[in-house]
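1. Give me coordinates for this.
(one chain, ligands or ions: 1)
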Amino acid sequence: MNRHVNMGRKLRVAIVGGGMGGLAAANFLVRRGFDVTVYEQAGKLGEVGAGLFIYPNSLRVLERIGFQGPLNQVGAKVGPGSQYYRMDGTVVGPILTTDSNGWNGMYGMHRADMLNALAAALPEGCVRTGHRCTGFEQDEQVARLFFAHGAQAEADVVIAADGIQSVLQKFVVEPQAPEYSGSRAYRGLVSRDKLATWNDRTHQVWMGDGKHFMVFPVRGGTLLNYVGFVPTGDELAESWSAVGDRDELAASFAGWHAPIVDLLTKVESCFWWGLYDRLPLSSWTNGRLVLLGDAAHAMLPHLGQGANQAIEDGCALSIFLEGHAPADVPAVLKDYEAFRRPRTDLIQAEARRNGLRYDSRSGSLEQRDREIATSAQFRKSLYDYDVEKDALERLGRVPAVA
Ligand SMILES: Cc1cc2nc3c(=O)[nH]c(=O)nc-3n(C[C@H](O)[C@H](O)[C@H](O)COP(=O)(O)OP(=O)(O)OC[C@H]3O[C@@H](n4cnc5c(N)ncnc54)[C@H](O)[C@@H]3O)c2cc1C
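-> Numbers count the residues shown, from 1 in each chain. A predicted model of the protein is given here:
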């Protein structure tokens with residue numbers, strides 16, 4: 001097709017979902033000069049959630065657009081001393097906390113802190129809360145969104161960043177239910193003050209008996225985020241706000257290494273998540289509509305890459321769309337999808353494999369421990385990746401970054 005440089009008006013981009021992927025994409029797009037509006041169903045951003053990791057692969061591109069200071073302020077750097085253990089406390093080996101250059105670009109982050117930092121950097125009025133999207137249509141010229149309270153919006157590009165339960169996904173592919181992993185995750189936060197001897201700059205993972213447990217700091221180390229992964233037959237809704245049973249959580253890890261048992265006595269409340277992913281979708285785009293983040297490639301959390309991949313998506317999409325006219329959008333979105341899919345398909349599959357390792361369901365413990373050691377190589381390749389550089393190179397443009 002003939003694609004031409006857009007000398008006219010700015011492309012109008014509507015993003016449905018003000019979560020990790022939607023707000024990160026908005027920031028990358030605003031920096032590249034697009035006219036961006038984010039529609040979020042919640043009445044307020046970032047009210048719920050727990051901790052997640054931001055790794056070098058997404059941090060390097062966020063820092064380039066000005067987030068070095070803000071994320072350093074709200075995150076907790078996680079570094080040396082981070083370890084894998086068997087459930088009884090036997091050390092399995094170190095956890096990788098740098099890229100190949102030794103850059104320790106790894107933060108434990110409270111989801112609400114991250115969302116607030118991303119939102120604060122957007123222009124006034126860019127994010128519209130209280131907008132639950134219920135419908136989509138498009139023609140050759142424009143895409144239209146419909147909201148539950150009756151409002152409508154028009155755009156040249158619609159980004160569906162509406163999470164694993166995406167309502168817009170059905171406008172791209174046949175509806176297909178997410179796959180249940182057989183595990184639930186209990187997550188919550190404990191004040192560091194209650195665990196004075198705990199190292200507040202490390203990531204610790206204990207593995208065994210079909211379960212695993214991890215702890216890492218968030219909010220400058222003032223809070224410790226814990227996650228207990230437990231097998232269950234009951235499917236539970238994937239949600240950022242379902243209240244869990246702390247006694248059930250404690251019982252699940254009774255007899256494990258003493259620091260976990262001790263931490264669990266300090267837990268006052270916790271949330272739980274049913275863990276779901278999807279097999280790679282047959283497509284991420286339909287005309288002017290493109291899926292991003294969990295809506296496109298929901299993955300299990302066992303590599304901690306869901307949000308990181310959503311952030312990479314937004315960076316790449318802003319580069320692919322740059323300079324294009326509205327008529328080019330459908331073809332540009334296809335090119336973007338072809339660029340991103342090999343990486344996210346691989347990470348979706350590896351996240352499943354890593355979950356089996358963490359739950360000690362992949363052969364003998366000795367074999368599992370060896371695999372944990374060798375999987376550091378894969379993690380290095382994840383962390384070393386520079387999506388901005390790769391996208392610019394794919395498009396034959398010279399990266400402005402080293
Ligand atoms: C236990 C656990 C641990 C995890 N740990 C990590 C980690 O360490 N690192 C990591 O990178 N990832 C981690 N993840 C994954 C990560 O949380 C997700 O991959 C990430 O949040 C996906 O971002 P998203 O923007 O696609 O979706 P979300 O962050 O879920 O955001 C979707 C947004 O869309 C809004 N929305 C939904 N429907 C509509 C609608 N109809 N109209 C308007 N708005 C709508 C929602 O309210 C929400 O704000 C973890 C996940 C779990 C469950």
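2. separation between whichever residue of the stretch 151-300 of the chain sits closest to the ligand and G102?
-> Proximity to the ligand, evaluated over the stretch 151-300 of the chain using Cβ to the nearest ligand atom, is greatest for G293 at 2.4 Å. Backbone N, C-alpha and C define where each C-beta goes, glycine included. Using Cβ to Cβ, to the nearest Å, G293 is found at 29 Å from G102.
3. mind listing the strands for the stretch 201-350 of the chain?
-> 204-208, 211-218, 223-231, 243-244, 270-277, 285-286, 289-291 (DSSP state E, counting those that start in this stretch).
4. What is the fifth one packed up against?
-> Looking back up the chat, that one is strand 270-277. On a contact count with 3 or more Cβ pairs under 8 Å, 6 or more residues apart in numbering; DSSP states H and E, strand 270-277 meets strand 179-191, strand 243-244, helix 329-358.
5. circling back: quick one: contacts for the residue of the stretch 151-300 of the chain closest to the ligand?
-> If a contact means Cβ atoms under 8 Å, 6 or more residues apart in numbering, then G293 has 17, 19-22, 161, 163, 306-307, 309-310, 313 as its contacts.
6. Which parts of the stretch 51-200 of the chain are strands?
-> Under DSSP E, counting those that start in this stretch, the stretch 51-200 of the chain gives strands at 51-54, 76-77, 83-86, 91-94, 107-110, 127-128, 133-138, 143-147, 152-155, 157-160, 179-191.
7. so how far is the fifth one from its chain's centroid?
-> Per Cα atoms, centre = their mean, to the nearest Å, the displacement of strand 107-110 from the mean C-alpha position of its chain is 12 Å.
8. So is it next to the ligand?
-> No. Counting by Cβ under 6 Å from any ligand atom, the ligand is not contacted by strand 107-110; separation bottoms out at 8.2 Å.
9. And the first one, by the same measure?
-> Yes. Using Cβ under 6 Å from any ligand atom, strand 51-54 reaches the ligand at 52-53.
10. That strand pairs with which strands, and in what direction?
-> Under the criterion DSSP bridges, strand 51-54 sits next to strand 107-110 (antiparallel) in its sheet.
11. Not counting the partner strand itself, show me its contacts.
-> 49-54, 59, 71-72, 74-78, 189, 203, 216-219, 223, 225.
12. what's the average pLDDT for it?
-> Averaging pLDDT along strand 107-110 gives 97.
13. Leaving out the residues flanking it, which one is nearest to the residue of the stretch 301-402 of the chain at minimum distance from the ligand?
-> Of all residues in the stretch 301-402 of the chain, G306 sits closest to the ligand, at 2.1 Å by Cβ to the nearest ligand atom. Closest residue to G306 apart from its sequence neighbours, by Cβ to Cβ, 6 or more residues apart in numbering: M299 at 5.4 Å.
14. Which residues of the chain lie near the ligand?
-> 16-22, 39-42, 52-53, 131-133, 161-163, 167, 185, 187, 227, 273, 293-295, 301, 304-308, 310.
15. Out of these, list just those in helices.
-> 20-22, 294-295, 306-308, 310 (DSSP state H).
16. just to revisit the earlier point, so how far is H297 from the residue of the stretch 301-402 of the chain closest to the ligand?
-> 8 Å.
17. Who are the contact partners of G210?
-> With Cβ under 8 Å, 6+ apart, G210 has these contacts: 231, 359-361.
18. Flag the shaky bits of the chain, pLDDT-wise.
-> Applying pLDDT under 70 to the chain picks out residues 1-8, 46-48, 234-244, 400-402.
19. go with 80
-> 1-9, 46-49, 233-244, 361-363, 398-402 (pLDDT under 80).
20. Distance-wise, check the residue nearest to G306 relative to E312.
-> Taking Cβ to Cβ, one finds M299 at 13 Å from E312.
21. Between those two, tell me which one has more neighbours.
-> Neighbour totals were compared for M299 and E312, and E312 leads with 28 against 23 (other Cβ atoms under 10 Å).
22. My read is that N116 contacts L45, right?
-> Yes. When contacts are counted by Cβ atoms under 8 Å, N116 is listed as touching L45 (6.9 Å).
23. Quick check: buried residues in the host helix or strand of L29?
-> Per DSSP states H and E: L29 is located in helix 20-31. Judged by neighbour count using 16 or more other Cβ atoms under 10 Å, the buried positions of helix 20-31 are 20-30.
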